[in-house]
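[1] Sequence and predicted structure below; questions after.
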Amino acid sequence: MKILVIGGGGREHALVWKIAQSPLVTQIYCAPGNPGTASLATNLPIKVEEIDKLLGFAKSEGIDLAVVGPELPLSLGIVDLFREYGVRIFGPSRAAARIEASKAFSKDLMHKYNIPTAAYGVFTEIPAAEAFIRKTGAPIVVKADGLAAGKGVIIAQTEAEAIEAVQDMLSGNAFGDAGSRVVVEEFLTGEEASFLAITDGRFVIPLASAQDHKAIFDGDQGPNTGGMGAYSPAPVVTAEVHQKAMEQVVQRAVDGMAAEGCAYQGIVYAGLMVKDGEVKTLEFNARFGDPECQPLLMRMKSDLVPLLLAVAEGDLSGHSIEWHDQAAICVVMAAEGYPGDYPKGDSITGIEAAEQLTDVTVFHAGTAEKDGRIVTAGGRVLGVTALGNTVAAAIERAYQGVEKISWRGVQFRRDIGKKALGRI
C-alpha cells in the first residue's frame with residue numbers, strides 16, 4: 001500500500017513512525033512532513049490547507065489511503081473532496097469535524113444528547129456575554145468558537161479578566177475569525193484526562209487512556225499551549241471512569257452525530273474533567289491529540305494500518321487493539337518565548353544521542369533542515385518519548401533523553417507524569 005500522511009508536526013511524525021512498521025505498507029509520503037518524517041517517508045512540499053494539490057498528488061501517485069493529522073484540512077473538507085474522487089481517506093467529513101471546528105456546535109451537541117459538560121452560553125455580542133459572566137461569576141472559561149491551534153481558551157480568574165477576553169475575541173483582535181463567536185462556560189474542577197477512540201460512525205474502539213499537560217510551566221502554571229507533554233496510561237481513568245467516558249461521552253457523541261446526519265468516522269478525542277469518579281466533557285477534537293498521539297502509538301501493539309483502512313471503508317467491526325503493558329511518556333521541548341513569539345533557526349544538538357537510549361524516540365514537531373543542520377522552526381520543537389515498565393521508569397528515561405538535547409533558550413516542563421505518580 002501507498003500511504004499519504006497529511007501534516008508536519010509531532011503527531012504526524014508519530015503516525016509515519018507507526019505506519020512504517022506495518023507489513024502492508026510499501027511507500028509512505030508525508031505532506032509537508034519534517035526532518036523526522038524524512039527518514040521514513042518522502043516529504044512533499046504541499047501545505048495541509050492546499051487540499052486540491054493534495055488530491056492531485058494522491059490521484060497521480062495512486063495513493064491507497066490518506067491519513068489526516070491536523071484539524072485544519074478536516075475543517076476545510078479534505079475528506080469530502082477525496083471521497084468525491086474515490087480516494088480512501090481516514091478522518092471525519094467537514095460536517096463531522098465541526099465537533100472541533102466549532103465549540104458552539106460541540107456544546108450544543110453535548111446539551112442535546114445528554115453528554116455531561118459545563119453550563120455554557122454562546123455569544124456574538126459583548127453585552128450579552130458580559131451579563132452571563134456577571135451572573136455566573138469567576139473563575140470562568142472563555143473560548144473562541146473556531147480553531148485557534150489549541151490556544152483559544154482563556155481561564156479567567158476574575159470577571160474583569162473574562163470580560164476583557166470576550167472583548168478581545170469578539171473585536172477580532174485575539175483570534176481573528178475564530179473568535180467572532182465565543183463560548184463562555186462555568187469553570188470545572190478536577191483532574192483532566194484525554195480519552196480517545198476510533199470509530200466508523202457506529203462501532204467504537206477506545207484507545208488507551210492518556211493525560212496531556214497544556215500549561216507552559218510546571219504545576220500547570222502559565223498560559224495554555226498546544227500541549228507540553230503527555231503520558232499513557234493515566235491512572236485517573238479508572239475502570240469506572242473508563243466505562244462512563246465510553247457510555248456517557250464518546251458513544252453518545254458518535255450516536256448523536258449519526259442522528260444529526262453527519263456520521264463521524266475517524267479519531268474522536270474527548271477532553272475530560274474527572275472528579276470523584278464522575279466525568280464531564282471539556283471539549284471534543286476531531287483527530288489524534290498532539291502530544292498524546294506519541295505515547296499512545298508507542299504503546300500500541302497492534303498494526304495501526306488495518307484500523308485506519310477499516311474506518312476509511314466504513315466498517316470497523318471485528319477489529320480490536322492490543323496494547324503493550326509498558327507506560328509511555330512524551331516530554332515536549334519548546335522554543336524560548338512559546339506560546340508567545342519565539343525565534344526560529346537555532347541549531348539543535350543531541351537528537352542522535354537521545355535516540356541511542358533504550359526505548360527512546362524523538363519525534364520532530366517544529367524543526368527544519370538548514371545547511372545540513374537541524375534547526376528550530378516552530379514553538380513546540382521536539383517530543384522526547386520513552387517507554388518504561390512503570391510510569392516512573394518511563395519518566396526517568398524520557399528526561400534522560402531530554403538532557404542530551406539542547407539549543408539556545410530551550411524550555412520544557414520538568415513535571416510531566418508527576419500526577420500519575422501521586423495515584424500509584
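    Yep, that arrived. Residues are numbered from 1 along each chain as shown.
[2] can you map out the strands along the stretch 101-250 of the chain?
    Using DSSP state E, counting those that start in this stretch, the strands of the stretch 101-250 of the chain run over 120-123, 140-144, 153-156, 182-186, 191-199, 204-206, 211-212, 215-217, 221-224, 229-232.
[3] want to throw the ones you listed into a markdown table with mean neighbour count, mean pLDDT and distance to Leu357?
    Any C-beta I mention is one placed from the backbone N, CA and C, and that applies to glycine too. Converted to a markdown table, these look like this (neighbours: other Cβ atoms under 10 Å; pLDDT from 0 to 100; distance: least, Cβ to Cβ, whole Å):
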| stretch | mean neighbour count | mean pLDDT | distance to Leu357 |
| --- | --- | --- | --- |
| strand 120-123 | 20 | 94 | 45 |
| strand 140-144 | 25 | 92 | 39 |
| strand 153-156 | 20 | 89 | 35 |
| strand 182-186 | 23 | 94 | 42 |
| strand 191-199 | 22 | 96 | 26 |
| strand 204-206 | 18 | 98 | 30 |
| strand 211-212 | 26 | 95 | 23 |
| strand 215-217 | 18 | 95 | 26 |
| strand 221-224 | 14 | 90 | 29 |
| strand 229-232 | 31 | 97 | 17 |
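[4] Using a markdown table, lay out these together with distance to Ile329.
    Shown next, in a markdown table, are the strands of the stretch 101-250 of the chain (distance: least, Cβ to Cβ, whole Å):
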| stretch | distance to Ile329 |
| --- | --- |
| strand 120-123 | 33 |
| strand 140-144 | 27 |
| strand 153-156 | 24 |
| strand 182-186 | 30 |
| strand 191-199 | 13 |
| strand 204-206 | 20 |
| strand 211-212 | 10 |
| strand 215-217 | 17 |
| strand 221-224 | 20 |
| strand 229-232 | 4 |
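[5] Can you say which of those strands is nearest to Trp17?
    Of all the strands of the stretch 101-250 of the chain, it is strand 229-232 that lies closest to Trp17, at 15.7 Å by Cβ to Cβ.
[6] Mind giving me the packing neighbours of the closest one?
    Counting contacts by 3 or more Cβ pairs under 8 Å, 6 or more residues apart in numbering; DSSP states H and E, strand 229-232 packs against strand 211-212, helix 293-299, strand 327-334, helix 391-403.
[7] since we're on the closest residue to Leu382 other than its chain neighbours, how many residues are nearby?
    Once flanking residues are discounted, Leu382 sits nearest to Met333: 4.5 Å by Cβ to Cβ, 6 or more residues apart in numbering. When counting by other Cβ atoms under 10 Å, one arrives at 26 neighbours for Met333.
[8] Same question for the one 5 residues further on.
    Neighbouring residues of Tyr338 were enumerated by other Cβ under 10 Å; the total is 23.
[9] mind checking the SS state of it?
    What DSSP: H, G, I helix; E, B strand; the rest coil gives for Tyr338 is coil.
[10] what does Pro45 give?
    For Pro45, the assignment made with three-state DSSP gives coil.
[11] Spit out the contact partners of it.
    31-32 (Cβ atoms under 8 Å, 6 or more residues apart in numbering).
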